[in-house]
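[1] Whatever this is, show me its structure:
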Amino acid sequence: MISDEQFQKIKEKAEADYRAKAEVRCPFLNDVVHFTSAGLEHVSLKAWNTPRSREEQYTRFRLLPLAAKVIEKSHTLQEYQEVKRFERFQSNSKWQKEMKLVRYYGFVAILNNVLIKVIVKEIEGRNKNFHSIIPRWRQEMVNGQNTKKLYRGDPEQD
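    Next up, the predicted model:
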């Protein structure tokens, strides 16, 4: 169990480190990847207005400082997905949704003995942005026992 003090300390440190890093260059993409508030928000929220579990947030906050390192060192793409979906954006102080082509780039690396995946999201006509950091496993209770499960699936949710 994670204490409130422990959780808050990790969260505050991760957020401060994240905000200090505006962008990094990705060798594979041959472009800059930006670290925006949307990426930081995604670490806490599974989808808009849907929070992640406290344990999942804690794990992601602990891994967040590694995201820039993975992107900076990535010369190979491990996952790629392209979808058309509605994206929320703010225009003239109003929130709107518009159908856009969205590309997800997945980079996997082992850093500090942890296998992690970093997702970069590119919305048609916009910059490439850090979207998520995912441990390649998560804890789940199966028949009363903790087991490790690999993350798979929707990069927008993961």
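
[2] and the spatially most central residue of the chain, what element?
    Geometric centre of the chain, nearest residue: Ser132, 0.6 Å, by C-alpha atoms, centre = their mean. Counting by DSSP states H and E, the element that carries Ser132 is strand 128-135.

[3] Can you list the helices and strands that that strand packs against?
    strand 31-34, helix 37-44, helix 54-63, helix 67-73, strand 114-123 (3 or more C-beta pairs under 8 Å, 6 or more residues apart in numbering; DSSP states H and E). To be clear about C-beta, it is placed using only N, CA and C from the backbone, and glycine gets the same treatment.

[4] Return the distance of the residue nearest to the centre of the chain relative to Phe107.
    Distance, Ser132 to Phe107, using C-beta to C-beta, to the nearest Å: 11 Å.

[5] Now list whatever residues contact both of these two.
    Residues touching both Ser132 and Phe107 (C-beta atoms under 8 Å, 6 or more residues apart in numbering) are 118-119.

[6] about what we covered before: right, and the residue nearest to the centre of the chain touches Glu41 too?
    No: Ser132 is beyond contact range of Glu41, at 10.5 Å (criterion: C-beta atoms under 8 Å).

[7] coming back round to it: and the strand holding Ser132, which strands flank it?
    Next to strand 128-135 in the sheet, as set by DSSP bridges, lie strand 31-34 (parallel), strand 114-123 (antiparallel).

[8] Good, wrapping up.
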